[in-house]
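Enquirer: could you look at this predicted model? Sequence included:
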Amino acid sequence: AAIVTYDWNITYVTANPDGLKERRVVGVNGQFPIPAINVTLNDTLVINVINQLDEPTSLHSHGLFQTGNGQFDGPSMVTQCPIPAGAKFTYTIPIEQHGTYWIHGHYKGHYVDGLRGPLIIHNINETYAYDEEYTLALADWYHTEHPIMLEQYLSIFNPSGAEPVPESGLINHMTNAKFNFVPGKTYRLRLINMSALAMFHFHIDGHEMEIIEIDGIDVERTKVTSFPITAAQRYSVLVTAKNDTSYNYILHADMDPAMFDVVPDDLQLNVTGTIVYSESAPTAPEETSQWLDFNDGDLVPVIPEETSEPAQIIALTASFNVLSDYSNKATFNDITYVQPKVPSLYTALTTGNYSSNPEVYGKYTHPLVLKHNDWIEIIINNNDAGNHPFHLHGHVFQIVGRGEGVHDPSKPYEGYINTTNPARRDTVLVPTEQNVAIRFRANNPGVWLFHCHIEWHLQAGLAVTFIEAPDLIPSVIKVDQSHYDNCKALDIPFSGN
Ligand code: C2O
């Protein structure tokens, strides 16, 4: 185990990743795209941040449990005051998992503006053998800076709640990413969807794939010709190279038009890259995409996890409402998430016996208090016309049920149920007018955000806060002077526990 240190000066950079428009983006150390982080299980990852933007920022390591370390989870005003402009802050993260993750800004829409990169955690002994690996970061791309689009999106001039549609889709923030294949070798491709909105369907001409990992969980080898990947999800696939170099092959990441209210004529939905066997070889004739009906709930984790009847069942119904001021807001059970005045974790740290009382967190953070080690079931009802990828911080959850429509929790569950080694992941798609039941054990005292990972929907308030084992939080989680300093510089009333 090593201490792996990255020094990240977060800065504005000028970039033109789709070749269509030069714009200001958020980069690191003057670079965009930002460099990947590579660590190994049991390492400690240290990221020394200097915020050289003109506004606050924060970093979230997406998918990491952060056991007893929730003060470094990153979402602004949930687990920390953001890092003020000009300030320094260090994230110290013990690495307890392996697999494919990502790190992204969690202050306003910073990740949509570029603050997003791979976080690859190598296993000490990988579950499956392969010769080489490549990371493929899929992402939608906008020509306008996020705050400008956000204001318009949330305004009374957008009563239908139409999300801004990206101008491009990119692989590794490029328009024709190339991946060299050597005959006979086996490649692990790690796919990460870093989009604000887009969902992709991935396939490779002339090659079959075997899924071996979803969201950091190794799964039994599953052959596929194509699979969908929503914002924030990750998949690893094994691909065996051909035995000859007579052709190169196109790989396809098709953006699903169902995610967009309108598909502009000039939006290229089929994003491509190339598998290169030989610089001089011709490209094999392009295949037409066949999107497979694919259920991630069918993937079987290599290491089974028991499930249990839940001690607490929480039904959350997602919808969008036009408020009395005509603005368009997202709700879970009719509550729009609004950031608290003090980060929710700090409230848990400083309210003593009251920390188990949801009222101290403020109604509009939609706090849900969980008891230590209880099994929790959440039934996520999607009562909206769009599809939503929901993400839970601090955990992976089991996908135990899928059904049609809004589930009435007073009635028995009507959907398909799987409680035998169910698939586990940290981001699940709930299609329109369907519901998904997930379970996890509340074994990680801390404050964890649960939200739609479409950045527009998070900003519209589609989030709740889990206050997990609040009585234990002060003994497990420690914050130091650097946390108070952030708050102080931003006039946020928090001065320590
Ligand atoms: Cu990628 Cu709040 O998460």
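Expert: Happy to help now that I have it.

Enquirer: hey, let's count contacts and neighbours off CA atoms from now on
Expert: Fine.

Enquirer: skipping its backbone neighbours, what lies nearest the residue nearest the centre of the chain in space?
Expert: By C-alpha atoms, centre = their mean, the chain has its centre lying nearest to residue 232, at 3.1 Å. Excluding the flanking residues, the one nearest residue 232 by C-alpha to C-alpha, 6 or more residues apart in numbering is residue 193, at 5.2 Å.

Enquirer: please state the offset of stretch 292-308 from the chain centre?
Expert: 19 Å (C-alpha atoms, centre = their mean, to the nearest Å).

Enquirer: stretch 42-60 now?
Expert: The answer for stretch 42-60 is 17 Å, by C-alpha atoms, centre = their mean.

Enquirer: let's number from 41 now, not from 1
Expert: From this message on, residue numbering opens at 41, which makes the last subject stretch 82-100.

Enquirer: buried residues, that stretch. List them.
Expert: Across stretch 82-100, burial judged by 16 or more other C-alpha atoms under 10 Å covers 82-93, 96-100.

Enquirer: what does stretch 348-362 give?
Expert: 353, 355-361.

Enquirer: backbone dihedrals for residue 263, both of them.
Expert: Dihedral angles of residue 263 (phi, psi; degrees, to the nearest 10) stand at phi -70, psi 130.

Enquirer: ok, how many other residues are close to it?
Expert: Number of residues near residue 263 (other C-alpha atoms under 10 Å) recorded here: 13.

Enquirer: and residue 193, by the same measure?
Expert: When counting by other C-alpha under 10 Å, one arrives at 24 neighbours for residue 193.

Enquirer: surely it meets residue 201?
Expert: Yes - the criterion here is C-alpha atoms under 8 Å, and residue 193 meets it with residue 201 at 6.7 Å.

Enquirer: residues touching the nearest residue to residue 501 once chain neighbours are set aside, list them.
Expert: Of all residues not flanking residue 501 in the chain, residue 377 sits nearest, at 4.3 Å (C-alpha to C-alpha, 6+ apart). Applying C-alpha atoms under 8 Å, 6 or more residues apart in numbering to residue 377 gives the contacts 371, 404-406, 500-504.

Enquirer: what about those, which are in strands?
Expert: If you go by DSSP state E, the contacts of residue 377 have 371, 503-504 in strands.

Enquirer: excluding chain neighbours, what is closest to residue 129?
Expert: Nearest to residue 129 is residue 89, by C-alpha to C-alpha, 6+ apart, at 5.2 Å.

Enquirer: beta partners for the one you found?
Expert: Residue 89 forms beta bridges with residue 48, residue 129, as assigned by DSSP bridges.

Enquirer: just checking, it touches residue 128?
Expert: Yes - if you go by C-alpha under 8 Å, residue 89 and residue 128 touch, sitting 5.5 Å apart.

Enquirer: residue ranges in the stretch 341-490 of the chain under the pLDDT threshold?
Expert: Counting by pLDDT under 70, the stretch 341-490 of the chain contains no low-confidence segment.

Enquirer: the strands in it, which residues?
Expert: Using DSSP state E, counting those that start in this stretch, the strands of the stretch 341-490 of the chain run over 352-362, 368-372, 407-410, 415-422, 428-432, 437-444, 456-457, 464-465, 467-470, 474-481, 486-492.

Enquirer: redo the ones you listed as a markdown table? Include distance to residue 52.
Expert: A markdown table is the format used below for these (distance: least, C-alpha to C-alpha, whole Å):
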| stretch | distance to residue 52 |
| --- | --- |
| strand 352-362 | 33 |
| strand 368-372 | 30 |
| strand 407-410 | 35 |
| strand 415-422 | 37 |
| strand 428-432 | 28 |
| strand 437-444 | 36 |
| strand 456-457 | 47 |
| strand 464-465 | 33 |
| strand 467-470 | 29 |
| strand 474-481 | 39 |
| strand 486-492 | 27 |
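
Enquirer: nearest to residue 522, of those?
Expert: Of all the strands of the stretch 341-490 of the chain, it is strand 486-492 that lies closest to residue 522, at 18.9 Å by C-alpha to C-alpha.

Enquirer: packing partners of the closest one?
Expert: In terms of contacts (3 or more C-alpha pairs under 8 Å, 6 or more residues apart in numbering; DSSP states H and E), strand 486-492 is packed against helix 384-390, strand 428-432, strand 503-508.

Enquirer: how distant is the longest one from the center of its chain?
Expert: Between the mean C-alpha point of helix 384-390 and the mean C-alpha point of its chain there is a distance of 24 Å (C-alpha atoms, centre = their mean).

Enquirer: residues making contact with that helix?
Expert: So helix 384-390 is in contact with 111, 117-120, 395, 400-401, 486-487, 507, 510, 513-514, 534, 536-537, going by C-alpha under 8 Å, 6+ apart.

Enquirer: of those residues, buried ones?
Expert: Buried among the contacts of helix 384-390 by 16+ other C-alpha under 10 Å: 111, 117-120, 395, 401, 486-487, 507, 510, 513-514, 534.

Enquirer: have a look at those residues and tell me the least confident one.
Expert: For the buried ones among the contacts of helix 384-390, the weakest pLDDT value sits at residue 534, with 82.

Enquirer: got the phi and psi for that one?
Expert: According to degrees, to the nearest 10, residue 534 has phi -140, psi 130.

Enquirer: I'd like to know how far it sits from residue 508.
Expert: Residue 534 sits 21 Å away from residue 508, going by C-alpha to C-alpha, to the nearest Å.

Enquirer: from the buried residues of stretch 82-100, which ones fall inside helices?
Expert: If you go by DSSP state H, the buried residues of stretch 82-100 have nothing in helices.

Enquirer: so which of those residues belong to strands?
Expert: Going by DSSP E, the strands hold 84-91, 99-100 from the buried residues of stretch 82-100.

Enquirer: in CSV, list these along with pLDDT.
Expert: Putting these into CSV (pLDDT from 0 to 100) gives the following:
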residue, pLDDT
84, 98
85, 98
86, 98
87, 98
88, 98
89, 98
90, 98
91, 98
99, 98
100, 98
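
Enquirer: what two of those are the furthest from one another?
Expert: 84 and 91 (21.7 Å).

Enquirer: of the contacts of residue 377 - the most surrounded one?
Expert: residue 503 (29 neighbours).

Enquirer: now do the contacts for that residue.
Expert: 371-372, 376-377, 406, 489-492.

Enquirer: which residue packs closest to it, ignoring adjacent ones?
Expert: residue 491 (4.1 Å).

Enquirer: dump the buried ones among the contacts of helix 384-390 to TSV, plus distance to residue 145.
Expert: Shown next, in TSV, are those (distance: C-alpha to C-alpha, whole Å):
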residue	distance to residue 145
111	15
117	13
118	13
119	13
120	13
395	28
401	23
486	20
487	18
507	22
510	26
513	25
514	26
534	22
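
Enquirer: so which of those are in helices?
Expert: Using DSSP H, the buried ones among the contacts of helix 384-390 in helices are 513-514.

Enquirer: between the buried ones among the contacts of helix 384-390, which is nearest residue 476?
Expert: Nearest to residue 476 among the buried ones among the contacts of helix 384-390, with distances taken as C-alpha to C-alpha, is residue 507, at 21.5 Å.

Enquirer: who's the closest one bridged to?
Expert: Beta-bridge partners for residue 507, by DSSP bridges, are residue 409, residue 487.

Enquirer: test my guess that it contacts residue 408.
Expert: Yes - with contact defined as C-alpha under 8 Å, residue 507 reaches residue 408; the gap is 5.8 Å.

Enquirer: after the host helix or strand of residue 268 comes which helix or strand?
Expert: According to DSSP states H and E, residue 268 maps onto strand 267-269. Remark: after strand 267-269, the chain's next helix or strand is strand 274-280, criterion DSSP H and E.
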